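In: next comes the sequence, and after it the predicted model I'd like to discuss.
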Amino acid sequence: MWRQSFGLLEKSYTHDTTGSFLLGKWLHVPLSTVPLCSAVVDVAIQDYVADVASELIYQNKSQVSREVLFVFPLGPHMAIYSFQACSEDAKVQAMLRDELSVPPLPTQAQQLHEATGGWENLEYLQEQSNYPGEMFACFLGTLSPGREVVVTLRYVQELPREPDGAAHFVLPPTLHPYTKHYAWNCLTSKLPYSLLLTVSLQSPRGVANVQANFALTPLIYTARDRSTAQVSLAGSSPGQHDLELLVYFGEPTAVSAVVEKGDPGAPPGSLLGDPMVLVMLAPSIPEAVPGQRLSGEFIFLLDTTFLEHAQDSLLFLFKSLPLGCYFNIYCYEESSVGIYPQSVEYTQDNVTEAMRRIPSTGSSLGDTNLLGTLRSIYNTSRPRGHTRQLFIFMAGPPPDKEAIAAEVCRHRNGHRCFSFCFSEDSAALATALASETGGEAAYVPSDNSMTFVVMKYLKRALKPAAEEVSLSWTLPCGLEVEVLGGTPQSIFQGQHSLLYAQIHGQAQDTTVAKGVMTLKYSLDGQDVSHTIEFPLCPQGDGRLAGHRLAARCLLKRLLPEAASGSGDEPRHRAVEISLASGIICPFTSYVGVRTSQRVTWYRGPLALLPPRQSLIPCQTIEIRDSIMSSSCHHRAIWLPPGWLTAVCASWLALRRLTHGIAHLSQQGACSKACKPPAPSISSLKHVDPTVFVLSSPNLGPWSSEAIAECQELVALQNVDGSWALSSGLASVLEVDEAEIKGKMPGEVMEPSIWATVLAVTWLNRNDKCYQDLCELLEAKAVTWLCSRAVSQLDKCLEAANTLLRSTVEPSVFRL
């Protein structure tokens, strides 16, 4: 029977030969679904952030009591800030606590250790399960037959911005477990639960339109300027798919701002107390013409232990760079100094010299010095008007991963990283570097896929960018703005940046009602600026979605600093922000506080006693998948805490035994009452490589053949895209050099034009396709031809097709 992995789940014990070995018995403990009866969801969307408040009612429709567990999968841009569950006899509330805080009473310390101990060691599931994903889970106790439990869940989320400017919202399956997930063998499309969905919208640009894949009520504007509106689910909910909304605001602009008022109960000057400006930067950047000159600084960091496997990839990579850019190469195992003292212009002589100085093989002795190399790069100024991008190749995990992550985080606004890892144990670091800087990461499983993966990411890196990005503010005296996390120096075509800026202070002139913000950047050498106004007396519903997401943003920035050993201040600041905002961080953890309720009909002496409180398991847990497996959906296998603890203990004991570790009994002799040591914090622990890392398939022998066939031709190409007419070219084309010269059209004045037409024609001949490998360098060649000999290309192509016995179309040469 198919079982879902979210919502309210119950334990059901069955014997099964496919289960896990536990203390000499085979047990299989699946989790069944407790039916959802009703869901009430209230969504508040401000431009590109959302606050979701939900109330879910579940009922135990079986004839026996069930132990229940609530599970909620978390998306990459979501954060829970409130959870509560109420049943007839108890209330459970998730509370955040400092990981290092000590409960005042020994009994509370014992309860806390028992409540959290079952979740601390997930090594068993991480190594044995193929079901990845970050989950919020809370054990709710026993639910009697016919009884209900009411779950109240609140979370905030950054919304993706579509290319046309729309904010994209998807209702999580936990709040709408439609037929596909909820009742696999149900013969009717009618859902067994009711759903009430209300969405309120706010934007100073005005709410223009709302589109959905389900029936909506008419859009109702609640302000004359159409800055606020409301819409709801009309009729019954569809039972076949997720519920999705596209919210369109006023005319899409390069910069927009929404001001959210602070919490009146928070101290002035604090993160929650002062107003927050939600700034969306989305400059319009046209597509680049393939093969044209392009600015940019490309720095390649090579682990020398893999150089003998990467010569082909480096050849295609360097030949495909655009004219007009700068580049440099660092072989960081040998030295943290680049081949050139600083980046140099992409010219024929510089590329030839760089290829000559790259060692063909590297030693595997000694530690890689990636950290020193990064610091050397960051201390070198980049060429003005050229956006910096790093291509980092890692054969294995460096020893100072935390310091590397912190170093990249400190410079995240000044560059973009494309990370390539060749072992699974370096995937978390590769993913962290890429995601922190807006780049991408790739796992390369084999040599014959490396060149294809590298070229795919170079194409993405060559998108044009808005450079020298800056924000300036005009505010009344007494007010100042702090952009939390800083402003990115570049924004690439197809990307956007959501910033959080906080207004501090008290205005001396209260008659000024608006502030002014100006976005400036350079696009293709031209200076561009956009100016908008925003109110200084913001309105809001008090839900503080922007403030909580700003807290999440700050916590992400503080984690690498704290994990790298930069003193106690980053950790103390992170704990303060986490406890104030309700957003969890690695230095805080959830604990469930269960308060027993007195039954209403009881009037005896015990009714005068205070309700009894106890601590129960409640935590956000990361279960990772191998990046080698392919999974399209978040899935998880969830087990009851007591069972999980026993399985982990049994499995770890067996593993220690097989490794011959002595004195096994002494290692487990510590009493449960002992205070556990302070957990070690890693900034990479909460990185899920499967979210960002491209697991490249093994492309088979044909890929190696394709590389080998065109490798010699690529090596002969000049950096401007042209080929010289030479014996080497004739050898690749398998045509006599004298015949090539004899077939050259009389109108052609330069032999290199004829040679370049032949090379491009050969790459596109009938039975071959080198598009993935040679698209960029071919585009350079065609651009060079169009700038030199447009009038001659027709006759050259006709002659080339005759000589090479091919039928290449004129469109290849943009004719």
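Out: Arrived safely.

In: alpha carbons only for contacts and neighbour counts from here, please
Out: Noted.

In: neighbours of the nearest residue to Gly505 once chain neighbours are set aside, how many?
Out: Computed as C-alpha to C-alpha, 6 or more residues apart in numbering, the closest residue to Gly505 that is not its neighbour in sequence is Leu479, at 4.8 Å. The number of residues packed near Leu479 is 15, by other C-alpha atoms under 10 Å.

In: then Pro35?
Out: 19.

In: OK, contacts around it?
Out: 8, 58-61 (C-alpha atoms under 8 Å, 6 or more residues apart in numbering).

In: for Leu219, state which of these is nearest.
Out: Tyr58 (31.1 Å; C-alpha to C-alpha).

In: adjacent strands (with direction) for whatever helix or strand the closest one lives in?
Out: Using DSSP states H and E, Tyr58 sits in strand 49-59. Note on strand 49-59: by DSSP bridges, its sheet partners are strand 36-46 (antiparallel), strand 148-158 (antiparallel).

In: ok, which of the ones you listed comes nearest Arg224?
Out: strand 36-46 (17.3 Å).

In: and the contacts of the closest one?
Out: 50-59, 175-176, 192-203, 258.

In: narrow the residues you listed to just the buried residues.
Out: 50-59, 175-176, 192-193, 195-203, 258 (16 or more other C-alpha atoms under 10 Å).

In: show me where pLDDT drops low in the stretch 651-800 of the chain?
Out: Residue ranges of the stretch 651-800 of the chain with pLDDT under 70: 651-703, 767-769.

In: which parts of it are helices?
Out: With DSSP state H, counting those that start in this stretch as the criterion, the stretch 651-800 of the chain has helices at 664-667, 689-692, 701-716, 727-733, 737-742, 751-763, 771-788, 793-804.

In: what is the third one packed up against?
Out: Looking back up the chat, that one is helix 701-716. helix 311-319, helix 447-461, helix 727-733 (3 or more C-alpha pairs under 8 Å, 6 or more residues apart in numbering; DSSP states H and E).

In: of the contacts of Pro35, which is the nearest to Leu804?
Out: For the contacts of Pro35, the minimum distance to Leu804 (C-alpha to C-alpha) is 67.4 Å, reached by Leu8.

In: tell me the mean pLDDT over the helix or strand the closest one falls within?
Out: Here Leu8 sits within strand 7-11, counting by DSSP H and E. Mean per-residue pLDDT for strand 7-11: 64.

In: got it, and stretch 386-402?
Out: 89.

In: please apply the same query to stretch 616-626.
Out: Stretch 616-626 comes out at a mean pLDDT of 63.

In: and if you look at stretch 414-429?
Out: Average pLDDT, stretch 414-429: 89.

In: same thing with stretch 530-540?
Out: Mean predicted confidence for stretch 530-540 is 84.

In: give me the contacts around it.
Out: So stretch 530-540 is contacted by 254-261, 275, 512-520 (C-alpha under 8 Å, 6+ apart).

In: now that stretch: buried residues?
Out: 533-536, 538.

In: swap in stretch 539-548?
Out: The neighbour-count check on stretch 539-548 (16+ other C-alpha under 10 Å) flags 543-548 as buried.

In: what does stretch 330-349 give?
Out: 330-334, 336-339, 342-347.

In: export the strands paired with strand 49-59 to JSON lines and append columns for distance to Pro322, mean pLDDT and mean neighbour count.
Out: Compiled in JSON lines, the strands paired with strand 49-59 are given as follows (distance: least, C-alpha to C-alpha, whole Å; pLDDT from 0 to 100; neighbours: other C-alpha atoms under 10 Å):
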{"stretch": "strand 36-46", "distance to Pro322": "40", "mean pLDDT": "94", "mean neighbour count": "20"}
{"stretch": "strand 148-158", "distance to Pro322": "35", "mean pLDDT": "95", "mean neighbour count": "21"}
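
In: would TSV of these with distance to Ala730 be doable?
Out: TSV is the format used below for the strands paired with strand 49-59 (distance: least, C-alpha to C-alpha, whole Å):
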stretch	distance to Ala730
strand 36-46	63
strand 148-158	57
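
In: out of those, the one nearest Tyr221 is which?
Out: Nearest of those (C-alpha to C-alpha): strand 36-46, 14.1 Å.

In: ok now the closest one, how far from the chain's centre?
Out: Chain-centre distance of strand 36-46: 26 Å, with C-alpha atoms, centre = their mean, to the nearest Å.

In: buried sites along stretch 58-66?
Out: Here stretch 58-66 shows 58-60, 66 as buried, counting by 16+ other C-alpha under 10 Å.

In: thinking again about what came up before, Val231: which of the strands paired with strand 49-59 is closest?
Out: Once the strands paired with strand 49-59 are compared by C-alpha to C-alpha, strand 36-46 is nearest, at 10.0 Å.

In: for ChimeraX, write the select line for the buried members of the contacts of stretch 530-540.
Out: This is the ChimeraX syntax for the buried subset of the contacts of stretch 530-540, where burial follows 16+ other C-alpha under 10 Å:
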select :254,255,256,257,258,259,260,261,275,515,517,519,520
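
In: re earlier: mind putting the buried residues of stretch 530-540 in JSON lines, distance to Ser704 included?
Out: Formatted as JSON lines, the buried residues of stretch 530-540 follow (distance: C-alpha to C-alpha, whole Å):
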{"residue": "Glu533", "distance to Ser704": "57"}
{"residue": "Phe534", "distance to Ser704": "57"}
{"residue": "Pro535", "distance to Ser704": "60"}
{"residue": "Leu536", "distance to Ser704": "62"}
{"residue": "Pro538", "distance to Ser704": "61"}
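
In: where do the helices sit along the stretch 501-650 of the chain?
Out: 545-563, 569-581, 641-658.

In: let me see the mean pLDDT of the second one.
Out: Averaging pLDDT along helix 569-581 yields 92.

In: before we move on, the earlier item: so which of the contacts of stretch 530-540 sit within strands?
Out: Those of those mapping onto strands are 255-260, 514-520, per DSSP state E.
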